[in-house]
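> sequence plus predicted model, see below.
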Amino acid sequence: MNAYPSPRRSSVPRRTLRLLLLLLADLALLAVFAALIWFDNAVNRGITYAGPAVVAAVPISYADGPLLGVNAFNLHLEPDPAAVTRTLQLARGMGAHYVRMQVPWDDIEIHGRGDFTDRRNEAAIGVVSAWAKYDRIVTTARRFGLELVLRLERPPNWARERARTTPEFQEGLSIDGNSTGPPDDFADYGNFVHTLVERYQGQVRFFQIWNEPNLRNEWNWQEPQPEEFVELLRVGYTAAKSANPDVVILFPSLAPTDGLDWRAPMSELEYLDAVYQAGGGAYFDIMSAQAYGLGQSPDEHRYIFLRNKDNWNWLQPVDTRNDVSRIVLVREVMERNGDAQTPIWIGEFGWNSAPDSIPPERRFTWGRPVSEEQKGAYLVDQIERARDEWPWIGVMHIWMLRYGGFQEPDAADPTPYFALVDRDWTLLPAYERLRAYAASPAAAGVGVHTWSHPAVKPLADGWRLRFSGERLTLIGGLDGAIQPTLDDQPITLERIDVDGQPAWRTPLLPDGVHTLDVVMPGVEPPTRFAVERTRPLPLLWTFGPALVLLLLAVSVTATLRTMVRPAREQLANRVSVR
């Protein structure tokens, strides 16, 4: 009789095959789970859809948009008043309602504390008021019905005697000759802000405190300190409100960074979170952020992506810099810090159309260049994306209307190719595309809006409201007989209650732009309205990941058992022999 049991040779290949199949199943389920997470980000992250919470929400102040704005780059450096008038006239003619511009402190309080004269060209033009050109800009903007957003930055030399003589700053000047930073004494900045806001009381409402403080070259080439910036923000905010309590203060747009560049050692998301932790949320009314396209289509929903051949870096193959969706990450920081009722205004967004004549190492600074026609299409598409997905967006300032100022730009600099108007005042295709878009009737996007939204227009005996979505709910008012029509067809609105208030809503509609006309003579209009859109495949995103994880757990367990079983059988055989 044999001492050892005969081996079951046929079980070995079956077990191996089983193990291979289970490993393949594990990998397949992991891939499915990763794909679900990836597409969940694209379909759902940062996007507002439908639901009772959306309808019952309180409208966000200064977010009834998106409204069209534009940056008037170097407008303060235009020596000819006619160029200033022409610039602002073009902004209004395009359909912009807001113009954002630089107001350098070193161009107003130039020679010393409290000295607002300009003696830089005394031999040629004599002593002039440093306020004169800004007064002219403000007056002209008001004549065209434009709201100015003034960016208060760049201290004069007398206010930075210590900072500008440090070895770090002197070395930084060799890298960026336009470097700047906060003053030695923040009180000097507060005095400047107070004086400027007081001067333009009743003429200018919106002021931005500083710009891109998360960069070394904007912070005296020192490592940016969010806590230190909060103190500067507090000083500027307090000074502005003391001069005019009705002004609206914007947080400075942070430069979108990934924290991997020594000039910006932390990402703008980390920086912003630190600002909130230091109490900075109390010192602004509107968040400002950048949203450059970097050559991507506006419907790009990824938050990180592999670099392409034009900007490949073996040390950093994954690009986590700004893209068209990064604004959502800024919003998430705000919401984590309890600041969901503060709107975001886009300080700068745009696409660059640099031609082949620009050196390659500079041409791709802002991603792959686009054509002039594509630039216009992308700008409109980004505005519509904000309308349809982000109800917390207010004004969107395009970078830029025209490369202004008396100096011609460097021929190798791609910056002028963001412009909508050439240096010679030629209107580019993007300008015409935006003008046509702005001339079309406004439509409200998803979210809750006040009745003063631009999409609401009065009729002879009622109102007309255009919206982009699948359902509209009118909340409050309407205490009487109404005659609604939707897309020129009579419709019956369903009566519901929203947070204790009477409301009327449409049935679920095909997704798209619709027009509701409500004839209601002598009836009070609604106080607000909500636009909803249904989340696509809601069951998939709710239960899909959990189901895949459950299947993965079962599969991995079976895999481990199959791997361990031969060892257990071998051990059992040895024990039986003994």
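Sure, I can see it. Residues are numbered from 1 along each chain as shown.

> tell me which stretches of the stretch 451-578 of the chain form helices.
Under the criterion DSSP state H, counting those that start in this stretch, the stretch 451-578 of the chain contains helices at 538-577.

> no wait, the stretch 151-300 of the chain
In the stretch 151-300 of the chain, the helices defined using DSSP H, counting those that start in this stretch lie at 167-175, 186-199, 226-243, 268-277.

> could you dump these into TSV and include mean pLDDT, distance to W131 and mean neighbour count?
The way it works is simple: take the backbone N, C-alpha and C, and place the C-beta from them, glycine included. Below are these laid out as TSV (pLDDT from 0 to 100; distance: least, CB to CB, whole Å; neighbours: other CB atoms under 10 Å):
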stretch	mean pLDDT	distance to W131	mean neighbour count
helix 167-175	94	29	13
helix 186-199	98	7	19
helix 226-243	98	15	20
helix 268-277	97	32	20
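
> let's have those in a markdown table, adding distance to F467.
Below are the helices of the stretch 151-300 of the chain laid out as a markdown table (distance: least, CB to CB, whole Å):
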| stretch | distance to F467 |
| --- | --- |
| helix 167-175 | 50 |
| helix 186-199 | 37 |
| helix 226-243 | 35 |
| helix 268-277 | 32 |
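
> of those helices, which approaches R100 most closely?
Nearest of the helices of the stretch 151-300 of the chain to R100, taken as CB to CB: helix 186-199 at 15.6 Å.

> how many degrees apart are the closest one and helix 226-243 in direction?
30 degrees (axes from the mean of the first three to the mean of the last three CA atoms, to 10 degrees).

> low pLDDT regions in this protein?
Residues of the chain meeting the criterion pLDDT under 70: 1-12, 304-305, 308, 310-311, 316, 318-322, 480, 565-578.

> nearest residue to the middle of it?
I327 (3.7 Å; CA atoms, centre = their mean).

> wait, it touches W345, no?
No: counting by CB atoms under 8 Å, I327 does not reach W345; the two are 10.7 Å apart.

> ok so, going back, distance check, the residue nearest to the centre of the chain against A264.
18 Å (CB to CB, to the nearest Å).

> ok, the residue nearest to the centre of the chain - contacts?
By CB atoms under 8 Å, 6 or more residues apart in numbering, I327 lies in contact with G46, A289, A291, I344, I346, W390, I393.

> farthest-separated two in these?
The span of these, defined through CB to CB, is set by G46 and I346 at 14.4 Å.

> which of the contacts of I327 are buried?
The neighbour count (16 or more other CB atoms under 10 Å) marks G46, A289, A291, I344, I346, W390, I393 as buried among the contacts of I327.

> if we can go back for a sec, and the helices of the stretch 151-300 of the chain: which comes nearest R86?
Closest to R86 of the helices of the stretch 151-300 of the chain is helix 186-199 (CB to CB; 24.8 Å).

> buried stuff in the helix or strand hosting L88?
In this structure, L88 sits in helix 81-94 according to DSSP states H and E. Residues A83, V84, T85, R86, T87, L88, L90, A91, R92, M94 are the ones in helix 81-94 that count as buried (16+ other CB under 10 Å).

> for my notes, please list these in JSON lines and give distance to H449 for each entry.
Below are the buried residues of helix 81-94 laid out as JSON lines (distance: CB to CB, whole Å):
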{"residue": "A83", "distance to H449": "38"}
{"residue": "V84", "distance to H449": "34"}
{"residue": "T85", "distance to H449": "34"}
{"residue": "R86", "distance to H449": "35"}
{"residue": "T87", "distance to H449": "31"}
{"residue": "L88", "distance to H449": "28"}
{"residue": "L90", "distance to H449": "29"}
{"residue": "A91", "distance to H449": "25"}
{"residue": "R92", "distance to H449": "24"}
{"residue": "M94", "distance to H449": "24"}
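
> list just the nearest of those to T562.
Nearest to T562 among those is M94, at 67.4 Å by CB to CB.

> identify the spatial nearest neighbour of the closest one, chain neighbours not counted.
Residue nearest to M94 in three dimensions, not counting chain neighbours: R435, with 4.8 Å by CB to CB, 6 or more residues apart in numbering.

> contact partners of whichever strand or helix holds the one you found?
Per DSSP H and E: R435 is located in helix 429-439. For helix 429-439, contacts defined as CB under 8 Å, 6+ apart pick out 68, 90, 93-96, 372-373, 375-377, 379-380, 383, 398, 420-421.

> list the helices and strands the helix or strand just after it packs on?
Next along the chain after helix 429-439, taking DSSP H and E as the criterion, comes strand 447-450. Applying 3 or more CB pairs under 8 Å, 6 or more residues apart in numbering; DSSP states H and E, we find strand 447-450 packed against helix 52-55, strand 528-532.

> right, so of these, which gets closest to P256?
Ranking the helices and strands packed on strand 447-450 by proximity to P256 (CB to CB) places helix 52-55 first, at 27.9 Å.

> packing partners for the helix or strand just after the closest one?
Next in sequence after helix 52-55, counting helices and strands by DSSP H and E, comes strand 67-71. Here strand 67-71 touches helix 81-94, strand 98-104, strand 344-349, strand 393-398, going by 3+ CB pairs under 8 Å, 6+ apart.

> partners of strand 67-71 in the sheet?
Sheet pairing of strand 67-71 (DSSP bridges) gives strand 98-104 (parallel), strand 393-398 (parallel).

> now the last one and helix 81-94, what's the angle there?
Read it as strand 393-398. Using the same axes, to 10 degrees, strand 393-398 lies at 130 degrees relative to helix 81-94.

> may I have strand 393-398 exported as PDB, CA atoms only?
Below are the C-alpha coordinates for strand 393-398, written out as PDB (Å, rounded to 0.1, in the frame of the first residue of the first chain):
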ATOM      1  CA  ILE A 393     -21.100  82.700 -10.500                       C
ATOM      2  CA  GLY A 394     -21.800  86.400 -11.000                       C
ATOM      3  CA  VAL A 395     -19.700  88.600 -13.400                       C
ATOM      4  CA  MET A 396     -17.200  86.900 -15.700                       C
ATOM      5  CA  HIS A 397     -14.400  89.300 -16.800                       C
ATOM      6  CA  ILE A 398     -12.700  88.300 -20.100                       C
END
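
> quick one on the thing from earlier: could the helices and strands packed on strand 67-71 be laid out in JSON lines, adding distance to L152?
Below are the helices and strands packed on strand 67-71 laid out as JSON lines (distance: least, CB to CB, whole Å):
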{"stretch": "helix 81-94", "distance to L152": "19"}
{"stretch": "strand 98-104", "distance to L152": "5"}
{"stretch": "strand 344-349", "distance to L152": "13"}
{"stretch": "strand 393-398", "distance to L152": "16"}
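
> and the ones you listed: which comes nearest F406?
Among the helices and strands packed on strand 67-71, helix 81-94 comes nearest to F406, with 9.0 Å by CB to CB.

> who's in contact with A444?
Counted by CB under 8 Å, 6+ apart, A444 has contacts R387, H453, A455, V456, L465, R466, F467, S468, F529, V531.

> residues touching the closest residue to P104 other than its chain neighbours, list them.
Spatial nearest neighbour of P104, chain neighbours left out: R154 (4.0 Å); criterion: CB to CB, 6+ apart. Listed by CB under 8 Å, 6+ apart, the contact set of R154 reads Q102, P104, W105, D106, D107, T180.

> would you turn the strands paired with strand 67-71 into a markdown table with distance to L75?
A markdown table is the format used below for the strands paired with strand 67-71 (distance: least, CB to CB, whole Å):
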| stretch | distance to L75 |
| --- | --- |
| strand 98-104 | 5 |
| strand 393-398 | 13 |
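
> check the secondary structure at the residue lying closest to V204 once chain neighbours are set aside for me.
Residue nearest to V204 in three dimensions, not counting chain neighbours: L148, with 5.1 Å by CB to CB, 6+ apart. Here L148 is recorded as strand under DSSP: H, G, I helix; E, B strand; the rest coil.

> for D246, see how far away L148 is.
The gap separating L148 from D246 is 15 Å, by CB to CB.

> neighbour count for those two, which is higher?
Ranked by neighbour count (other CB atoms under 10 Å), L148 and D246 place L148 first, with 24 against 8.

> hmm, back to that, now the helix holding L88 against helix 429-439, angle please.
50 degrees.
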